[in-house]
Every structure is written in C-alpha cells, then in structure tokens.
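# Here's a sequence, model it:
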Amino acid sequence: MQALSFLPDSFEEYEDLKALLEEGAPWFDTRSLATVEVRGRRFDLYMTSVGSPDPQAPAVAFFGGIHGLERIGSRLVLDYMRSLISRLSWDDILHQLLDSIRIYCCPIVNPGGMWLATRANPNGIDLMRNAPQDADGHVPFLAGGQRLGSWLPWYRGHRGEPMEIEAAALLRIVEEELTQRPLSFALDCHSGYGWGDSIWFPYARTHQLMRHLPEMYVLKTMFEHAHPHHGYTFEPQSHQYLLHGDLWDFAYDRAPAQNAFLPLTLELGSWLWIKKNPRQIFLRQGMFNPLLQHRTARVLRRHANLFEFLTRAAYSSSHWLPQGRSRQQLLHRAIEHWYRKSDV
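Sure, this is the predicted structure:
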C-alpha cells in the first residue's frame with residue numbers, strides 16, 4: 001500500500017468529474033449519494049442526471065469505478081458525460097430524446113478505492129461481492145467472493161454486517177430512480193476479464209433464468225441488427241462463472257416484477273491491449289486499463305455506440321417491448337439461444 005505522504009490530494013478522474021459537473025450545471029441535476037472518508041480525505045459519490053422529470057419515463061443509468069483499479073470504466077462514463085454536455089447547446093434531436101427519457105451518470109462509485117489504487121474500497125471490501133445473497137452453485141475459489149478476510153482479494157465482508165456505504169448508496173439510487181419505472185437500463189462498466197469484450201446480464205448467482213429474458217433477447221437482437229460488427233459476447237454472466245454477493249443480482253431480485261429493470265455489465269477484455277504491450281501485465285494499472293493514450297482513445301470510441309443505443313432503445317421502447325403471445329415465443333427463442341446446452 002502506498003504511504004499517505006506519497007498520495008496526492010485527489011486523482012484525475014475525480015477532478016475531471018467535478019469539472020464536468022460544473023460545466024454541465026445548467027442542465028444536470030447533481031447530488032452526492034454518500035461521502036467517503038479515507039486517510040484524512042473526503043470524496044463524494046456523485047450522481048448526476050438530465051432529461052424528463054416524469055417518474056414514469058424510461059431511464060438509462062451509466063455506472064463506473066465500482067472497482068478502484070478499473071479506471072477505464074469511469075473514463076467511459078466521463079467521456080459520455082462530456083459528449084452530452086457538448087451537444088446540449090446545439091443538438092435538437094438530443095433535446096427531443098431527453099423530453100421523453102432520463103439519463104443518469106455515476107462515473108466513480110468507489111472514489112476511495114480509486115484514490116488508493118485498489119480494487120476494493122478503503123475498508124478492503126470488494127463492492128461487487130458485498131450484497132448478502134449467496135450463489136446456489138460452485139463459485140471460483142476466492143474470486144467468487146470470500147469471507148476469510150480483507151488481506152485476500154474479493155473479500156465480501158463479515159456475514160450479517162450492513163453493506164458498505166458505496167454499495168448501499170448505489171442500491172438506494174437504483175431503487176429510488178430506476179426500478180420503479182416501467183422500463184430502465186443500468187450499464188455498469190468494468191474491465192479485466194478475458195480476451196474479448198462482453199455484455200453480461202443476470203444472473204451471476206445462479207444458472208436459473210431471469211424473468212425478463214425475452215426483453216433481454218430482443219435488446220440483444222436489435223443491437224446486433226443495428227451494429228452487426230459490434231464484437232461483444234452478449235450472455236448471462238452465469239455462463240462464465242457464479243459469484244456471491246453480486247449487486248446487480250440483488251437489485252434485480254428486489255425490483256417490482258411488473259417493471260422491466262434490465263441491468264447490464266460491460267466487461268472490457270483487458271487482454272486486448274495487454275497482448276499488444278505484454279509488459280503491462282507487471283503493472284497493477286496495466287492489468288485493467290490501456291496505458292497508452294491512443295489505445296485509451298480507441299477504447300472510448302469503440303463503446304460509444306452502446307451508450308447511444310441504450311438511450312435510443314429507451315426512447316423507442318413502445319416499438320420493441322414484447323407483449324402477450326409474442327413475449328412467450330421470444331422466451332422460447334431466448335432459451336434456445338442461451339440455454340440450449342443446459343438443463344434449466
């Protein structure tokens with residue numbers, strides 16, 4: 001761990017966020033969900049939003065920085081915020097879209113961990129293993145979430161203790177602003193897993209089907225038709241591994257069944273940039289982030305279509321949300337597509 005005397009007062013992504021919030025103040029509604037205190041420093045967990053004030057309007061929320069080492073996820077959300085601010089002064093089509101939907105951005109869920117350059121929060125707890133539910137099958141040793149102690153990675157915290165302030169704040173805003181709407185998306189940006197980029201959806205705790213599998217199948221199909229060369233693997237997270245305490249599983253299971261709350265995880269495959277610069281593997285930041293400026297710029301460009309697609313899908317939901325018999329038919333197609341080799 002870095003000594004306190006060598007840690008700066010802040011970090012680049014946090015200062016970038018504050019500058020964007022100031023620039024976007026004429027349009028954005030901003031609030032601090034929590035204040036994290038670490039080693040004499042205080043960092044706010046900021047959430048900002050723009051768009052329709054109607055609580056029943058569709059919503060899209062973008063999250064990043066749940067793991068403090070995965071800075072590229074925060075940069076994706078910050079870059080999207082920067083694009084919104086630049087377009088709000090002239091883009092009539094964007095204003096038309098925002099008349100009907102609401103967009104939320106929370107780029108740095110774990111500011112203390114990002115300042116300390118750790119995956120966990122300042123208490124040593126992996127926020128994405130911090131919800132109370134356990135997986136119903138075998139999880140990877142340690143990586144699936146462990147309660148041995150914070151001296152090992154992927155620590156969940158002691159059983160029965162309240163969730164960490166950052167995890168509780170995220171779940172509170174999801175419950176207050178997203179899950180009460182007839183339709184909402186959440187895109188959580190991560191990095192570090194695999195040779196390719198993935199879009200994962202619930203469940204991470206079980207191989208059982210999420211109740212909105214037809215909606216997820218339609219969303220995947222629309223995205224493939226709109227961007228046939230997107231390159232993502234779009235699948236349930238359980239196809240890769242199970243884990244304890246996933247925040248999005250917990251939020252999804254608590255959401256009203258009649259509302260379509262569709263949480264997605266964007267998992268950037270860090271080996272895409274490590275294979276071009278193998279020396280990165282020896283650097284903590286290099287395992288999870290592109291280090292060269294031109295590669296960072298390429299990553300930011302590559303995923304802009306996904307952000308834009310989700311906002312358009314929210315705006316046009318009346319044209320694609322499945323209903324009645326067609327929804328049942330889509331369920332069968334989704335099972336055939338994702339679970340045909342499994343007994344569900």
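# avg pLDDT for the strand or helix carrying residue 334?
Taking DSSP states H and E as the definition, residue 334 sits inside helix 324-339. Helix 324-339 carries an average pLDDT of 96.
# got it, and stretch 220-235?
96.
# again with stretch 30-45
97.
# can you give me the strands for the stretch 1-150 of the chain?
Counting by DSSP state E, counting those that start in this stretch, the stretch 1-150 of the chain has strands at residues 29-38, 41-51, 59-64, 102-106.
# Name the stretch among the ones you listed that sits most buried.
The highest average neighbour count among the strands of the stretch 1-150 of the chain, using mean count of other CB atoms under 10 Å, belongs to strand 59-64 at a mean of 26. Heads up, the C-betas are built off the backbone N, CA and C, glycines and all.
# now for it, which elements pack on it?
Helices and strands touching strand 59-64, as assessed by 3 or more CB pairs under 8 Å, 6 or more residues apart in numbering; DSSP states H and E, comprise helix 71-88, strand 102-106, helix 165-177, strand 183-191, helix 304-315.
# Can I get those in JSON lines including mean pLDDT and distance to residue 324?
Formatted as JSON lines, the entries for those read as follows, by pLDDT from 0 to 100; distance: least, CB to CB, whole Å:
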{"stretch": "helix 71-88", "mean pLDDT": "97", "distance to residue 324": "35"}
{"stretch": "strand 102-106", "mean pLDDT": "98", "distance to residue 324": "28"}
{"stretch": "helix 165-177", "mean pLDDT": "98", "distance to residue 324": "28"}
{"stretch": "strand 183-191", "mean pLDDT": "97", "distance to residue 324": "17"}
{"stretch": "helix 304-315", "mean pLDDT": "97", "distance to residue 324": "20"}
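# could I get these as TSV with distance to residue 116?
As requested, the helices and strands packed on strand 59-64 are exported to TSV (distance: least, CB to CB, whole Å):
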stretch	distance to residue 116
helix 71-88	12
strand 102-106	19
helix 165-177	13
strand 183-191	18
helix 304-315	28
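# Relative to residue 165, which of the strands of the stretch 1-150 of the chain is closest?
Set against residue 165 and scored by CB to CB, these come closest in strand 29-38, at 4.9 Å.
# mind listing what the closest one pairs with, with the direction of each?
strand 41-51 (antiparallel) (DSSP bridges).
# returning to that earlier point: same for the helix holding residue 334, what does it pack against?
Contact partners of helix 324-339 among helices and strands, from 3+ CB pairs under 8 Å, 6+ apart: helix 213-226.
# Can I get stretch 261-278 as CSV, trimmed to CA atoms?
Presented in CSV, the C-alpha positions along stretch 261-278 are these (Å, rounded to 0.1, in the frame of the first residue of the first chain):
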residue,chain,number,x,y,z
PHE,A,261,-35.4,-3.3,-15.0
LEU,A,262,-32.6,-4.5,-17.2
PRO,A,263,-29.1,-4.3,-15.6
LEU,A,264,-26.1,-4.9,-17.9
THR,A,265,-22.4,-5.2,-17.1
LEU,A,266,-19.9,-4.1,-19.8
GLU,A,267,-16.8,-6.2,-19.2
LEU,A,268,-13.8,-4.9,-21.2
GLY,A,269,-11.4,-7.7,-22.1
SER,A,270,-8.1,-6.3,-20.9
TRP,A,271,-6.0,-8.9,-22.8
LEU,A,272,-7.0,-7.0,-26.0
TRP,A,273,-4.5,-4.3,-25.0
ILE,A,274,-2.1,-6.4,-22.9
LYS,A,275,-1.2,-8.7,-25.9
LYS,A,276,-0.1,-5.6,-27.7
ASN,A,277,2.1,-4.5,-24.8
PRO,A,278,2.8,-7.6,-22.6
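# how much does the helix holding residue 334 deviate in direction from helix 213-226?
80 degrees (axes from the mean of the first three to the mean of the last three CA atoms, to 10 degrees).
# and of the helices and strands packed on strand 59-64, who's closest to residue 52?
Short answer: strand 102-106, nearest of these by CB to CB, at 5.2 Å.
# which residues are in contact with that closest one?
Residues outside strand 102-106 that contact it (CB atoms under 8 Å, 6 or more residues apart in numbering): 33, 45-54, 57-64, 77, 80-81, 84, 170, 173, 177-178, 311.
# Residue 128: which of the strands of the stretch 1-150 of the chain is closest?
strand 59-64 (10.9 Å).
# Provide the strand pairings for that closest one, with the direction of each partner.
Applying DSSP bridges, strand 59-64 is found paired with strand 102-106 (parallel), strand 183-191 (parallel).
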